[in-house]
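Asker: have a look at this fold, sequence not included:
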């Protein structure tokens with residue numbers, strides 16, 4: 001399970017982004033509940049979280065970046081994922097006819 005935080009970033013003016021008219025970006029961050037639990041247990045100290053368990057090793061996995069049309073996704077295993085979605089108003093931006 002993930003904790004999800006979404007934020008809409010409005011641009012000061014429309015942009016042509018990869019053949020799409022974009023007025024804002026939707027940013028979605030996903031953070032594993034396991035990570036949040038570990039942070040809470042550590043007392044929110046400013047030091048690395050102990051990650052010696054096999055569960056952590058399995059969660060870290062590989063880092064990947066995927067681009068799909070007007071959206072880009074960065075993930076670090078099953079620990080963290082962020083999506084940046086190009087939007088036109090409240091709808092996902094679609095290619096502009098040229």
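Answerer: Right, received. Where do you want to start? Everything numeric here is computed off the predicted structure, so don't read it as measured data.
Asker: which other helices and strands contact the longest helix seen in the chain?
Answerer: Determined from DSSP state H, the single longest helix within the chain is helix 33-41. For helix 33-41, the packing partners by 3 or more Cβ pairs under 8 Å, 6 or more residues apart in numbering; DSSP states H and E come out as strand 2-17, helix 54-60. In this view, the C-beta of every residue, glycine as well, is placed from N, C-alpha and C.
Asker: hmm, try it at 7 Å
Answerer: Helix 33-41 makes packing contacts with strand 2-17 when contacts are defined by 3 or more Cβ pairs under 7 Å, 6 or more residues apart in numbering; DSSP states H and E.
Asker: distance of the most centrally placed residue in the chain relative to residue 42?
Answerer: Closest to where the C-alpha atoms of the chain average out (Cα atoms, centre = their mean) is residue 82, at 0.8 Å. Per Cβ to Cβ, to the nearest Å, residue 82 is found 23 Å from residue 42.
Asker: and what of residue 76?
Answerer: In terms of Cβ to Cβ, residue 76 sits 19 Å off from residue 42.
Asker: how about residue 61?
Answerer: When residue 61 is compared with residue 42 (using Cβ to Cβ), they lie 22 Å apart.
Asker: same thing with residue 70?
Answerer: Separation of residue 70 from residue 42 (Cβ to Cβ): 38 Å.
Asker: tell me which of those two has more neighbours.
Answerer: Applying other Cβ atoms under 10 Å to residue 70 and residue 42 shows that residue 70 carries more neighbours, namely 20 against 13.
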